[in-house]
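[1] Pasting the sequence and the predicted model now:
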Amino acid sequence: MTIRRVYLDNAASTPMDPEVLQYMIPVLRESFGNPSSVHDHGRRLRAVIEKSRKEIAQLIGAAPAEIFFTSGGTEADNMAIKGCAAIGIEHFISTRIEHHAVTHPLEELEQAGKQVTWLPVDEEGRPDLDALRAALENGPRAMVCLMHANNELGTLLDLSGIADICAEYDAIVHSDTVQSMANVRYNVSAMPVHFLTASAHKFYGPKGVGFLYMRSGTKVPSMICGGSQERNMRAGTENVASIAAMAFALKKCYGSFIEKGKKLLDLKNYMWEGLQARIPGIAINGPTDFSRAIPTVLNVAFPGGDTDSMLLFNLDINGISASGGSACTSGSVKGSHVLSGIGLDPARAANSVRFSFGVQNTHDEIDYVLEKISGFIKVPAPK
Ligand code: PLP
């Protein structure tokens with residue numbers, strides 16, 4: 001008997017769009033030169049890279065020279081944060097619920113003697129803006145690192161408002177936009193941010209490729225030394241086919257922005273309504289007002305005594321893939337730093353599962369998931 005498979009872990013990684021794959025294959029097959037070579041084979045690849053850079057820049061309102069290709073979101077976050085430390089920034093402001101691609105470099109800097117202010121957050125994961133102002137007022141010129149959309153809760157911050165506050169204090173603004181890049185239409189020319197980060201495998205592109213937007217005038221040194229690729233910002237032969245595929249994937253997302261957003265929100269609403277109808281006492285972790293979140297993420301706390309590992313095991317044996325926390329921490333025995341960071345009590349955090357949606361998901365798949373969940377979840381008896 002074949003088990004039906006339903007993938008609801010799109011915040012961890014999306015499946016590759018077949019059109020993106022089709023776009024990538026000829027680049028892999030035919031473009032075997034090195035883009036740094038000056039002969040024809042090299043020049044063709046250079047042209048592919050520069051076309052992709054221009055396309056991405058246009059989509060987000062940047063100049064091509066402000067886009068730097070990386071191996072993904074983690075590298076782009078590290079480049080921005082460690083780069084700012086290297087140019088002498090002494091004060092960093094962030095929260096404990098950022099992705100580890102941000103908290104870990106910041107913790108490393110803190111251990112090395114830099115000042116890191118960890119802002120308090122509310123129960124939906126929004127930073128305290130009075131505390132942000134106080135931190136900006138009281139320290140040297142700061143770098144502020146606040147993710148636009150939280151990967152576990154879906155919470156979307158008012159990034160423009162935050163950037164405006166930071167601009168009053170001449171602070172450098174970095175936002176991890178890995179989860180929001182394909183869900184929010186960016187125009188960096190109208191928003192005073194200095195660094196944004198993206199990763200193609202979160203928007204139906206290949207894994208292992210991403211980019212850093214770095215506002216012109218904000219120069220940081222390279223983390224990886226070697227050749228002069230990426231205008232001396234990131235040495236190493238470029239991942240040309242993946243870069244081309246990433247640009248194509250982002251263009252596709254921006255091309256069907258509204259329809260995709262509507263579809264994802266419909267899936268999220270459908271799942272949430274279905275869960276509420278079947279499981280009394282189920283609750284949302286993160287924004288209950290879905291207009292204040294990205295439509296891809298639904299994090300719920302199940303009532304009763306099942307731990308998330310038991311819940312995930314039951315989902316998995318029924319062919320359903322979801323996540324107990326961020327994919328990067330799953331498999332580790334530590335609970336989610338995001339759920340504990342918003343003050344969730346450990347028992348509720350341990351009963352929580354993140355479902356995350358992609359444009360390929362259907363109501364029929366969600367019906368299947370709801371039916372299976374109703375079969376194994378233990379609903380506590382009313383008191
Ligand atoms: N930032 C956020 C918010 C993420 O969700 C992820 C991946 O889960 C990353 C950064 C890391 O991106 P990558 O997997 O491309 O290194």
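    Perfect, thanks for sending it.

[2] got the residues of the chain near the ligand?
    72-74, 99, 101, 147, 151, 176, 178-179, 199, 210, 326-328 (C-beta under 6 Å from any ligand atom). All C-beta atoms are positioned from the backbone trio N, CA, C, and that covers glycine.

[3] surely residue 42 meets residue 31?
    No: taking C-beta atoms under 8 Å as the definition, residue 42 is not a contact partner of residue 31, at 9.7 Å.

[4] When those two are compared, which one has more neighbours?
    Shown here are residue 42 and residue 31; by other C-beta atoms under 10 Å, residue 31 has more neighbours (18 against 15).

[5] give me every residue that touches the more buried one.
    The neighbourhood of residue 31, defined by C-beta atoms under 8 Å, 6 or more residues apart in numbering, consists of 41, 44-45, 48, 240-241.

[6] Go through these and name the one nearest residue 13.
    When these are ranked by distance to residue 13 (C-beta to C-beta), residue 241 comes first, at 18.0 Å.

[7] Residue 88 - how many residues pack around it?
    Residues near residue 88, counting by other C-beta under 10 Å, number 8.

[8] How much space separates it from residue 190?
    To residue 190, residue 88 is 29 Å away according to C-beta to C-beta, to the nearest Å.

[9] Of the contacts of residue 31, which is the nearest to residue 366?
    residue 241 (33.9 Å).

[10] Is that closest one in a helix, a strand, or coil?
    In the three-state summary, residue 241 is assigned as helix, counting by DSSP: H, G, I helix; E, B strand; the rest coil.

[11] same deal with residue 20?
    For residue 20, the assignment made with three-state DSSP gives helix.

[12] Not counting residues beside it along the chain, what's closest to it?
    The spatial neighbour of residue 20 that comes closest, neighbours along the chain excluded (C-beta to C-beta, 6 or more residues apart in numbering), is residue 249 at 4.7 Å.

[13] are any of the residues of the chain next to the ligand buried, and which?
    Applying a neighbour-count criterion of 16 or more other C-beta atoms under 10 Å, the buried members of the residues of the chain next to the ligand are 72-74, 99, 101, 147, 151, 176, 178-179, 199, 210, 326-327.

[14] Among those residues, list the two that are farthest apart in space.
    The widest separation within these, taken as C-beta to C-beta, falls between 210 and 326 and amounts to 16.3 Å.

[15] What is the nearest of the contacts of residue 31 to the ligand?
    Ranked by distance to the ligand (C-beta to the nearest ligand atom), those are led by residue 241 at 16.7 Å.

[16] I figured that closest one hits residue 32, correct?
    No: the pair residue 241 and residue 32 fails to qualify as a contact (C-beta under 8 Å) at a distance of 10.4 Å.

[17] These two: which has the busier surroundings?
    Ranked by neighbour count (other C-beta under 10 Å), residue 241 and residue 32 place residue 241 first, with 21 against 10.
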